[in-house]
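Trainee: Got a sequence here, can you model it:
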Amino acid sequence: MRQATLADLDLLVRHRRGMWNEIAKIPKADLDAADRIYRRWGKAQMKSNRFAGFIVDVDREPVASGCVWLMHVQPRPNWKGPPRRIFSRCSRSRPIAAAATGLASCAKRSDSQRHEESK
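Mentor: Modelled structure (predicted):
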């Protein structure tokens, strides 16, 4: 696994789009628009060190990716949590064992984090 750079942004966008294609029926025009917005957002977040992407390569081919980012939480009445939360997203380019291993690790961390946040 390696950390993504700005040069990997198109790959992260492709993997994210693949995730949306797998989990929802979203019109192509909506995905195209979301890709453009995500690419701009991801670039700005990477440059500000608030976003980190990770890529699983097998035989020098990227097969999976995941991202984590800091998100400021809006203050609200009775809020006792931290001013920021960490969010994550995992996706893959094709279902192979190595990708599944890397994604399972990422998803496990993400699931336990969501469980903690829901308490």
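
Trainee: CA-only coordinates of the particular helix or strand that has residue 68 in it in CSV, if you can.
Mentor: Element membership for residue 68 (DSSP states H and E) is strand 61-72. Only the C-alpha atoms of strand 61-72 are listed here, as CSV (Å, rounded to 0.1, in the frame of the first residue of the first chain):
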residue,chain,number,x,y,z
GLU,A,61,-1.4,-2.0,-11.0
PRO,A,62,-3.6,0.0,-8.7
VAL,A,63,-6.4,-2.3,-7.6
ALA,A,64,-7.9,-0.5,-4.6
SER,A,65,-7.9,2.8,-2.8
GLY,A,66,-9.2,4.4,0.3
CYS,A,67,-9.2,8.0,1.7
VAL,A,68,-9.5,9.6,5.0
TRP,A,69,-10.1,13.3,5.7
LEU,A,70,-10.8,15.7,8.6
MET,A,71,-14.2,17.3,8.6
HIS,A,72,-15.0,20.1,10.9
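
Trainee: elements contacting it?
Mentor: If you count contacts as 3 or more Cβ pairs under 8 Å, 6 or more residues apart in numbering; DSSP states H and E, strand 61-72 packs onto helix 9-23, strand 51-58, strand 84-92, helix 97-118. Glycine gets a C-beta too; all of them are placed from N, C-alpha and C.

Trainee: Tell me what angle that strand forms with helix 9-23.
Mentor: In terms of direction (axes from the mean of the first three to the mean of the last three Cα atoms, to 10 degrees), strand 61-72 departs from helix 9-23 by 90 degrees.

Trainee: In terms of helix, strand or coil, where does residue 75 fall?
Mentor: The local conformation at residue 75, judged by DSSP: H, G, I helix; E, B strand; the rest coil, is coil.

Trainee: Where does the prediction get shaky in this protein?
Mentor: Scanning the chain for pLDDT under 70 picks out the ranges 83-119.
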